[in-house]
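>>> next input, structure requested:
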Amino acid sequence: MSNFTTDPANLADVQGSADERNVKIDKVGVKNIRYPIVVKDRSNDAQNTIGMINMYVDLPHHFKGTHMSRFLEVLNQYNGSIGVERVPEILEAMRERLEAETAHFAVTFSYFMEKKAPITGAPGMMAYDCGFEASAGAVDDFVLSVSVPIATLCPCSKEISDRGAHNQRGNVEVKVRFDGELWIEELVEIVEESASCDLYPILKREDEKFVTEKAFDNPRFVEDMVREVAVRLRKEDRIKWFQVQVENFESIHAHNAYAFLEEGQVPGGVS
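Down below sits the predicted model:
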């Protein structure tokens with residue numbers, strides 16, 4: 001006779017069985033779930049986008065494994081309403097459903113902002129890579145991240161050259177912990193105001209002249225960029241901690257230039 005059965009009461013729960021190795025696991029779960037999310041938009045209230053989601057919980061030493069399907073079950077409970085304001089609920093649902101002390105939820109997504117050319121006003125859409133990481137349980141935490149492409153012009157090249165100066169595109173990643181509400185747009189503006197020049201989706205000839213001359217008038221080393229962003233972040237009382245990293249994709253070197261700094265309070269201590 002066949003042993004095949006679909007009755008849950010008669011199926012072995014291997015994950016829930018005991019483990020004798022006495023090793024606690026800090027994070028176990030699922031990664032790279034593509035899922036629709038809703039993000040607050042300063043101009044249009046909200047925008048729908050696709051998130052890449054990671055979900056984890058801690059696993060006590062006496063459990064062999066966790067129940068991976070339960071992560072997706074929790075996620076599906078919030079289908080159509082997954083946004084920052086629902087994250088605390090999602091984390092608590094994960095802790096309860098998976099019988100865990102601590103839950104972690106992280107998502108990365110593309111965030112779109114309309115941007116007009118500086119002289120002609122030609123509109124276009126800019127995409128920024130954003131994300132947040134949240135935890136609840138042993139440590140409660142929330143970190144917002146924004147990645148902003150920028151243009152920089154080399155101060156040294158400008159100083160020593162008789163004609164022009166070399167410039168390049170760069171990327172600035174900012175991570176913040178904050179109190180209250182903070183718009184993604186605010187962080188993007190802080191970064192773009194710190195650059196030699198910001199980038200635009202559409203540029204006509206008049207615009208190209210403007211951005212070329214603006215960059216020439218505002219030379220920035222990678223060190224200047226990370227400091228300029230930090231100075232602006234320090235002025236914002238809502239921000240309690242930040243990381244800034246800048247990478248320039250050098251146009252005349254076979255390497256990239258890089259700078260990093262971190263300041264402020266972190267959960268459980270001070271950085």
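>>> so, low pLDDT: which residues of the stretch 51-200 of the chain?
The stretch 51-200 of the chain contains residues with pLDDT under 70 at 61-65.
>>> for it, which segments count as strands?
Per DSSP state E, counting those that start in this stretch, the stretch 51-200 of the chain carries strands over the ranges 103-116, 123-136, 141-153, 167-178, 197-198.
>>> tabulate the ones you listed (TSV), appending distance to residue 254 and mean neighbour count.
Just so you know, the C-beta spots here come from the backbone N, C-alpha and C atoms, and that holds for glycine as well. Shown next, in TSV, are these (distance: least, Cβ to Cβ, whole Å; neighbours: other Cβ atoms under 10 Å):
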stretch	distance to residue 254	mean neighbour count
strand 103-116	29	19
strand 123-136	25	17
strand 141-153	18	21
strand 167-178	13	20
strand 197-198	24	22
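>>> so can I have JSON lines of the ones you listed showing distance to residue 261?
Shown next, in JSON lines, are the strands of the stretch 51-200 of the chain (distance: least, Cβ to Cβ, whole Å):
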{"stretch": "strand 103-116", "distance to residue 261": "22"}
{"stretch": "strand 123-136", "distance to residue 261": "19"}
{"stretch": "strand 141-153", "distance to residue 261": "15"}
{"stretch": "strand 167-178", "distance to residue 261": "11"}
{"stretch": "strand 197-198", "distance to residue 261": "21"}
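>>> closest to residue 239 out of these?
strand 167-178 (4.9 Å; Cβ to Cβ).
>>> does residue 244 lie in a helix or a strand, and which?
strand 239-248 (DSSP states H and E).
>>> quick one: buried residues of stretch 236-247?
For stretch 236-247, a neighbour-count test (16 or more other Cβ atoms under 10 Å) marks 239, 241, 242, 243, 244, 245, 246, 247 as buried.
>>> pretty sure the last one contacts residue 258?
Yes. With contact taken as Cβ atoms under 8 Å, residue 247 and residue 258 are classed as touching, separated by 5.1 Å.
>>> where exactly do the helices run in this structure?
When assigned using DSSP state H, the helices of the chain occupy the ranges 68-77, 87-97, 155-160, 184-194, 205-217, 222-234.
>>> report the distance from the shortest one to the chain centre.
Average the C-alpha atoms of helix 155-160, do the same for its chain, and the two points are 34 Å apart (Cα atoms, centre = their mean, to the nearest Å).
>>> if I look at residue 167, how far off is residue 148?
Per Cβ to Cβ, to the nearest Å, residue 167 is found 17 Å from residue 148.
>>> er, residue 57 actually
Taking Cβ to Cβ, one finds residue 57 at 32 Å from residue 148.
>>> how about residue 218?
16 Å.
>>> try residue 183
Distance from residue 183 to residue 148, by Cβ to Cβ: 14 Å.
>>> residue 234 contacts residue 264, correct?
No. In this structure, residue 234 is not within contact of residue 264 by Cβ under 8 Å, at 9.0 Å.
>>> more neighbours: the two, which one.
When residue 234 and residue 264 are compared on other Cβ atoms under 10 Å, the one with more neighbours turns out to be residue 264, at 16 against 12.
>>> spatially nearest residue to that one, not counting backbone neighbours?
residue 241 (3.2 Å; Cβ to Cβ, 6 or more residues apart in numbering).
>>> shouldn't the one you found be in contact with residue 261?
No. Applying Cβ under 8 Å as the test, residue 241 and residue 261 come out as separate, 11.7 Å apart.
>>> relative to the whole chain's centre, how far out is the strand ranked longest in the chain?
Longest strand of the chain, by residue count under DSSP state E: strand 25-41. Averaging C-alpha positions (Cα atoms, centre = their mean) puts strand 25-41 12 Å from its chain's average.
>>> if you count neighbours, what's buried in it?
In strand 25-41, counting by 16+ other Cβ under 10 Å, buried: 25, 28, 29, 30, 35, 37, 38, 39, 40, 41.
>>> can you list contacts of it?
46-59, 65-66, 68, 71-72, 75, 79-85, 104, 107, 109, 111, 130, 183-184 (Cβ atoms under 8 Å, 6 or more residues apart in numbering).
>>> likewise stretch 210-226?
Contacts for stretch 210-226 (Cβ under 8 Å, 6+ apart): 118-119, 150-156, 158, 164-165, 167, 170, 172, 194-197, 200, 203, 228, 244-248, 257-261.
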